[in-house]
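# One predicted model, sequence on top.
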Amino acid sequence: MTTDSEANTMDDASRAPGATDVGTSAATGSVDGNGARPSDGETLVRVQDLVKHFPIRGGLLGVSKLGAVRAVDGVSFDVRRGETLGLVGESGCGKTTLGKVILRLIPATSGEVYIKDRAMFKQSGNQMKAIREDMQVVFQDPYASLNPRMTVGEIVGEGPLVHGLSNRKKREALVRELLGRVGLNQSHIHRYPHEFSGGQRQRIGIARALALNPEFVVCDEPVSALDVSIQSQVLNLLDDLQKELGLTYLFIAHNLAVVEHISDRVGVMYLGKIVELADVDTLYRDPRHPYTVALLSAVPETDPRRRRKRLVLRGDVPSPVNPPSGCRFHTRCWLREQLGNPENCVTEEPPLRVLAPGQQAACHWAEKISPEAIQSAADRQPTVATAEPAPAA
Amino acid sequence: MTNAVDAGDVGLLELRDLKTHFFTQDGTVRAVDGVTFEIRDGQTLGVVGESGCGKSITAMSVLRLIERPGRIIGGEVLLRGKNVLNYSDQEMRDVRGNQISMIFQEPMTSLNPVYTCGDQIAEAVELHEAISRREAWGRAIEMLAQVGIPEPARRAKQYPHQMSGGMRQRVMIAMALSTNPELLIADEPTTALDVTIQAQILELMKALRERNKMAIMLITHDLGVVAEMADEVVVMYSGKVFERADALTIFEQPHNPYTRGLLASIPRLGDKRERLEVIRGVVPNPLNLPTGCLFKRRCPYAMPVCDTPPPVRQVKAGHISRCWLTPESEPPSIGADAPPEVAEAAAQELTVAGR
Amino acid sequence: MDRIEPASLAGVDTSARDALRSDTDEIDLIPVRTFWQLARQRFMQHRLAVIALFVLAILLVMATVIPLATGIQYRLSDLRLINDGPSLTAPLGYDEVGTNIFIRLAKGTQSSLIIGGAAVLIIVGIGTFVGAISGYAGGWIDNVLMRMVDVVLSLPVLFIILMIVSFFGVGDIRVVIIAIGITGWTLAARLIRAEFLTLREADFVQAARALGAGHRRIILRHILPSAMAPLVVAAALGVADSVVTEAALSFLGYGISPPDASLGNMLNKVRIYFFSAPERILYPSVVLVLIVLCASFLGDGIRDALDPRQRIASK
């Protein structure tokens, strides 16, 4: 497999000492909704060596394994109580799969996720159901994520119903409360989802996630399907709810500006691995992985005065069925090219290592990244960047 | 950027009061309702707005690609001074793909899956030029090389599904540019692409724009893409042009409250705001538009006079805005409490003055 | 369950949210309606389906009332009335053995509708069961079940039905129903499986799983209602198929045989009048075609009516 056990030990540097304190987390687990849980750096969710391979099957009965899509390939990180951990990457980097595996919506190939120090993948059906009260999810597509045949009241009230709140009156009162909380009109409880606009439907989805009073919410691209003027409404709402209810978010998105706005720490994914993980300011100001640098450089600025020569990556993301050897980014890496194609990029997989307090990156040559290096790489590229790296000369 | 248009100068494309309506079972949707703007040679015009604002329908109207229940019911589309709305179908086909080319958001659906990419480009060339198949194929390979596709001779023999999204968009661009159009209409060309691939395509479009000296009508909802590419920007809302100015003005001194709201509501890189500004409410239902200003229900500056359709004001040379606010962004001098008749009269006057 | 008591909003600045709330006002213009009210409205929009429902209702009434009122008249022959022309009590005249054609037709329609209705229950029942398990479970279970479907599909259906009928009793309506039912469920299974396969991955189903909902609830509350479209289509096709299959069986003499009446055996008996009295062929054929067409149109109508995303045209 991978060398990510190393990455895990490296992670300790950024982990707060309270991580293994079971007593504390159990005590704070039942905080009433109003009091914000302190963001004391205590670990709420720990992801350890998580691997998810989707087998490609074939053969007579479709049982022989031809290969595997290595969607998530050895990922470890902690999510601290009360924080928002952003997760960015391009399509196919495995970020959505990672979210689903963490929620145990799809089974992991290996690895473990701990929520409040309970190993999730070892839980039985009933224990898992109890854990589901602690973690919820908000999906990307507000049209696909609500059952079109259920009313708003049934959708939002389903969680409490499943978890034993069978009294209809009480459930309705709870739903009304939640609708108010997400800025929806309480009288719309008997409406069907298709009567609402995209932003409103997304807020219904948020209300459903909050109905079980979870501590941890995975937000999988919650605003990318929404119109520009609606995105900020939902982002502000998520912000408010986090403050009021002390929520912890894992915020998965491809929009770097949105992630910067909402996150406290950010992880960057590439081909099923986390290549950089740092505090938001550090990551955006001083990225330490050449891929992060390129991602940031690729974002168009909303300022016509700052049109600049950007660092454009060549080619496409390689297939996750056959990821490149060594560092997975080496086929597109501008830094490697600048350094004269050092050997170890191809042969040796770089571990996620601590480069500064609160910053880890998986690059052998992370120290070589400087504004000058980035500028010279941007200046050296041809006017028309080719779609694929030129064959090795 | 010169703003004074010489009277004798015939621009590349000029839209005058274009109206495209859709006559649906539930009522009339005024998808494009009196759109006026022009594109000069070599200029890149960004058309921005949220979904449903009519930006794509405007582009389709230029090429007369509107299908039932939609119909262009008024206005003019002047291509080099000639109204294409009066062209015969044959003349129109000559314009499409020749003088004006178009690329779409999802290249997979606009490429034919059963032909190779080379075939499709060669066919586009053959349609508009009298050249042999062999020459057309040669041109196809040349075009693929121009858009930065490595090993073009081999790639030309591949089918669309054998390529990635970014590559397909390059093939689309190669096809669109193969006939040397004067205007390229790009409808959300990078929306379906990842950010690093988007950067590639934007750089490519910039380079080709320089090389071919063509004009681009760039339709997008992404203000970043507009800031990156456009010389001039048209902001649309509910089928109407709300503001038009050069890119710097739009981003630095927007006049219209909608443009301001839009710019304030997007998070930007390096943005340290705790909270984002919000445009409250939602885009109005196209079947049930408010009277007066279409933005008034969401506008922080809304005042009684907004119940009357706002004038198109000239804020400064080359900068127009559809709003009651004066160029100094103050409420109009007739006062907020003016009775509707007064406002009506003032509106008449201001509209004339504004034009 | 006290954990999910609502937290109070007291002392929280909700001004931003109150502003959000204003944008839902437009919804208030549309009156609140229940699911079934909406379904009825959508159904009524479907003109062909409404007509089909009307025609089927007439056929159903005829097929119930007339045999009830006339008792065993459909099998009585009166030698004096052989090939007699139409009259008030026999609007379609009498056949070659002196039986009232109208009454016989009503009885034949009755057997066809019974067989169609009962067989379709078996078809949809088995089809949904197999399709749902296959699509929901996926993996090797899906593979095994679908290969089984392939096997059933590859068999010559009419031949199998003939075999079953001749083994277990020619002319027994129950055997015919079961024979049609257990050979005809494959299409339903495939349609349902395909729908389950996609719906299983749908975001709203994932959300329900994340809430902790069990398989039962997910299948019954989330997937099955959304899989109504293929279910209804399968049912409509099933009705049409079984009615036609029964007619074919009876025509070949393996289904319901005289003196019991069925559209198929009526067709068989009148084929010799192809040139002399073609209208006699027309009567059972028209009823047969009407049942098949109406089932299909009604299916379309019900499918659209149950889809909440279908728009309701404003008045």
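Received the coordinates, thanks.

# now the strands: where do they sit in chain C?
Using DSSP state E, no strands are found in chain C.

# Next: the stretch 101-250 of chain B.
B:183-187, B:215-220, B:232-237, B:240-246 (DSSP state E, counting those that start in this stretch).

# hey, C-alpha coordinates of the first one in CSV?
To tie it back to what came earlier, the one meant is strand B:183-187. The C-alpha trace of strand B:183-187 is given here as CSV (Å, rounded to 0.1, in the frame of the first residue of the first chain):
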residue,chain,number,x,y,z
LEU,B,183,-16.5,36.9,-33.8
LEU,B,184,-16.4,33.9,-31.4
ILE,B,185,-19.3,33.5,-29.1
ALA,B,186,-18.2,31.5,-26.1
ASP,B,187,-21.1,30.4,-23.9
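
# between that strand and strand B:215-220, how big is the angle?
10 degrees (axes from the mean of the first three to the mean of the last three Cα atoms, to 10 degrees).

# Relative to strand B:183-187, what are the paired strands and their orientations?
strand B:100-103 (parallel), strand B:215-220 (parallel) (DSSP bridges).

# Mean pLDDT added to those, as a markdown table?
As requested, these are arranged in a markdown table below (pLDDT from 0 to 100):
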| stretch | mean pLDDT |
| --- | --- |
| strand B:100-103 | 90 |
| strand B:215-220 | 94 |
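
# A:Val88: which of those is closest?
strand B:215-220 (21.2 Å; Cβ to Cβ). Just so you know, the C-beta spots here come from the backbone N, C-alpha and C atoms, and that holds for glycine as well.

# Run the chain-centre distance for that closest one.
5 Å (Cα atoms, centre = their mean, to the nearest Å).

# Now do the buried residues in it.
Across strand B:215-220, burial judged by 16 or more other Cβ atoms under 10 Å in any protein chain shown covers B:215-220.

# And stretch B:152-166, by the same measure?
Buried residues in stretch B:152-166 (16+ other Cβ under 10 Å): B:152, B:155-156, B:158, B:160, B:163-166.

# closest to A:Ser197 among these?
Using Cβ to Cβ, B:Gly165 comes nearest to A:Ser197 of these, at 28.4 Å.

# How about the contacts made by that closest one?
Listed by Cβ atoms under 8 Å, 6 or more residues apart in numbering or on different chains, the contact set of B:Gly165 reads B:107-108, B:192-194, B:197.

# Tell me, how many residues neighbour the residue of the stretch 201-350 of chain A found nearest chain C?
Of all residues in the stretch 201-350 of chain A, A:Asn213 sits closest to chain C, at 5.1 Å by Cβ to the nearest Cβ. The tally of other residues near A:Asn213 (other Cβ atoms under 10 Å in any protein chain shown) stands at 24.

# separation between it and A:Asp220?
Per Cβ to Cβ, to the nearest Å, A:Asn213 is found 20 Å from A:Asp220.

# Output the below-cut-off pLDDT ranges for the chain.
By default, I'm working from chain A. Within chain A, the segments meeting pLDDT under 70 span A:1-41, A:58-63, A:382-393.

# wrong chain, I was asking about chain C
C:1-29, C:311-315.

# Which helix runs longest in it?
Looking across chain C with DSSP state H, the single longest helix is helix C:101-137.

# name the helices or strands packed onto that helix?
helix C:47-70, helix C:139-154, helix C:173-183, helix C:186-200, helix C:228-251, helix C:263-270, helix C:278-305 (3 or more Cβ pairs under 8 Å, 6 or more residues apart in numbering or on different chains; DSSP states H and E).

# other SSEs contacting the third one?
Here helix C:173-183 is seen to pack against helix C:101-137, helix C:157-168, helix C:228-251 when contacts are counted using 3+ Cβ pairs under 8 Å, 6+ apart.

# possible to save the ones you listed as CSV with distance to B:Leu45?
As requested, the helices and strands packed on helix C:173-183 are exported to CSV (distance: least, Cβ to Cβ, whole Å):
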stretch, distance to B:Leu45
helix C:101-137, 50
helix C:157-168, 63
helix C:228-251, 44
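
# Same list (those helices) but as a markdown table, adding mean neighbour count.
Formatted as a markdown table, these follow (neighbours: other Cβ atoms under 10 Å in any protein chain shown):
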| stretch | mean neighbour count |
| --- | --- |
| helix C:101-137 | 23 |
| helix C:157-168 | 15 |
| helix C:228-251 | 23 |
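
# right, and the ones you listed - which one's nearest B:Tyr87?
helix C:228-251 (43.7 Å).

# and the angle for the closest one with helix C:278-305?
Using the same axes, to 10 degrees: helix C:228-251 against helix C:278-305 is 160 degrees.

# What helices and strands are in contact with helix C:228-251?
By 3+ Cβ pairs under 8 Å, 6+ apart, helix C:228-251 packs against helix C:101-137, helix C:157-168, helix C:173-183, helix C:186-200, helix C:263-270, helix C:278-305.

# Could you check the pLDDT of B:Pro311?
With respect to pLDDT, B:Pro311 scores 88.

# B:Arg322 is in contact with that one, correct?
Yes - when contacts are counted by Cβ atoms under 8 Å, B:Pro311 is listed as touching B:Arg322 (7.4 Å).

# first vs last residue of stretch C:133-143, how far apart are they?
Stretch C:133-143 stretches 11 Å from its first residue to its last (Cα to Cα, to the nearest Å).

# ok, residues contacting that stretch?
With Cβ under 8 Å, 6+ apart as the test, stretch C:133-143 has contacts from A:61-63, C:145-146, C:189, C:192-197, C:199-200, C:215, C:219, C:223.
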